[in-house]
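S.K.: curious how this folds, go ahead:
(one chain, ligands or ions: 1)
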Amino acid sequence: MIEKIIYQIKLNKNFLLTSHLNLEGDAIGSLLAMRDILLFFKKRVSVVIQDKIPEEYRFLPHINAIRNIKNIKLSDYDVLITLDVSDEKRCQKVIDLFPQNKTIINIDHHISNTRFGKINWIDSNASSTVEMIYKLYKRLNIALNKKRALWLYVGLLTDTGSFRYPNTNAGSLKLAGKLINYGLNISNIYQNIYYTFNLNEIKIIAQILSTLKSDMNQRLVWFKMKREFFKKDKPKRDLADEILNLGRLIKKAEVIVLFKEDLSERNIIHVNLRSKNKIDVDRFARYFGGGGHRTASGCNIKGDLEKVENMVIKKIKEFINGGINCR
Ligand SMILES: [Mn+2]
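M.R.: Prediction:
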């Protein structure tokens with residue numbers, strides 16, 4: 001598959017790159033690295049996203065090359081490469097505006113990937129999309145440097161939950177070691193990305209934590225993020241990861257769920273799921289049209305918060321007990 005990607009790179013001239021909504025480290029790292037590869041071959045390339053760049057990634061070199069969809073005419077490009085996008089709905093605006101007769105290349109590591117591209121390079125064994133882009137650098141004989149190493153490292157760091165999720169293995173740690181050798185200051189990188197909260201955000205987290213509930217003797221725990229928590233201040237970041245990581249601290253917890261009211265659309269609940277590996281939450285999320293990884297997944301469900309909460313908790317209890325047949 002990597003050969004097909006290389007063939008397309010060499011064949012075409014104008015490339016558009018995009019990633020999913022709620023941009024994070026792996027998305028940003030792979031966008032910037034892929035852009036760099038295309039520039040190496042003197043291609044014309046633009047990087048387009050539907051929402052904003054999270055502030056904590058502003059320190060990355062060439063971050064300003066990532067532009068909002070409003071500022072780019074999408075019909076000017078021959079090939080669209082989607083990076084870290086498991087489902088086209090996660091970049092629907094870009095897909096809709098990109099000419100239908102042109103090529104979409106889908107590069108991703110989510111096992112639930114819907115293979116919406118003309119060419120789909122999906123490696124669910126890779127810890128992150130940047131790990132795949134690293135293979136591309138290697139296969140193309142492009143020597144790494146500090147900048148390239150930094151983009152790749154940021155994706156690796158964030159997608160492995162700072163090297164502690166089950167997708168962390170000898171390969172990902174070895175790669176991290178190689179990248180660090182290009183002169184990365186990993187303590188600074190960590191601080192740039194993670195030690196970035198303001199007081200108000202911590203107060204909102206406190207409100208979310210106060211919604212904690214549990215069932216099945218704490219094997220299942222969940223939180224709610226209500227719209228009213230954000231009345232004073234619209235959040236600059238998605239606080240989901242922090243909440244879910246705090247849920248993980250509970251020793252007996254096997255599945256952690258966060259129900260988020262959509263801030264702009266009424267009656268849409270985002271359901272984020274995490275597991276400590278025993279329970280396959282990807283399989284569960286797919287039952288509701290979502291997906292992700294075995295230990296981290298999500299889905300969106302229509303309805304009000306309480307109804308969705310009751311329904312999902314009931315279903316997930318059946319699922320944990322092995323009584324529901326999710327495929
Ligand atoms: Mn990823």
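S.K.: and the chain, which residues reach the ion?
M.R.: Residues of the chain lying near the ion by Cβ under 5 Å from the ion: 26, 84, 128-129, 159. Any C-beta I mention is one placed from the backbone N, CA and C, and that applies to glycine too.
S.K.: tell me what the helix or strand where Ile301 lies is packed against?
M.R.: Remark: Ile301 resides in strand 296-302, with elements defined by DSSP states H and E. Helices and strands touching strand 296-302, by 3 or more Cβ pairs under 8 Å, 6 or more residues apart in numbering; DSSP states H and E, are strand 268-275, helix 281-286, strand 291-292, helix 305-320.
S.K.: at 6 Å instead, please
M.R.: strand 268-275, helix 281-286 (3 or more Cβ pairs under 6 Å, 6 or more residues apart in numbering; DSSP states H and E).
S.K.: pLDDT (mean, whole number) over it?
M.R.: The pLDDT scores in strand 296-302 average 95.
S.K.: got it, and stretch 88-105?
M.R.: 95.
S.K.: and it, how far out from the chain middle?
M.R.: Remark: stretch 88-105 is offset 18 Å from the chain centroid, using Cα atoms, centre = their mean, to the nearest Å.
S.K.: which SS class is the closest residue to Asp238 other than its chain neighbours?
M.R.: The shortest distance from Asp238 to any residue other than its chain neighbours is 5.6 Å, reached at Asn22 (Cβ to Cβ, 6 or more residues apart in numbering). At Asn22, secondary structure determined by DSSP: H, G, I helix; E, B strand; the rest coil is coil.
S.K.: and Asn22, what are its phi and psi?
M.R.: phi 50, psi 60 (degrees, to the nearest 10).
S.K.: what's the separation between it and the ion?
M.R.: In this view, Asn22 and the ion are 12 Å apart by Cβ to the ion, to the nearest Å.
S.K.: next, count neighbours for that residue.
M.R.: 16 (other Cβ atoms under 10 Å).
S.K.: quick one: contacts of the helix or strand where Glu201 lies?
M.R.: Following DSSP H and E, one finds Glu201 within helix 199-209. Residues from elsewhere that reach helix 199-209, judged by Cβ atoms under 6 Å, 6 or more residues apart in numbering: 223, 225, 229, 233, 239, 243.
S.K.: can you give me the buried ones in that helix?
M.R.: By neighbour count on 16 or more other Cβ atoms under 10 Å, the buried set for helix 199-209 is 201, 204-205, 208.
S.K.: need the residues you listed in TSV (columns: pLDDT).
M.R.: Converted to TSV, the buried residues of helix 199-209 look like this (pLDDT from 0 to 100):
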residue	pLDDT
Glu201	91
Ile204	94
Ile205	95
Ile208	97
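S.K.: what's the closest of these to Phe163?
M.R.: In terms of Cβ to Cβ, no member of the buried residues of helix 199-209 lies closer to Phe163 than Ile205, at 23.3 Å.
S.K.: now the spatially most distant residue from the centre of the chain: which helix or strand?
M.R.: Distance from the C-alpha centroid of the chain peaks at Asn217, with 30.7 Å (Cα atoms, centre = their mean). Under DSSP H and E, no helix or strand contains Asn217.
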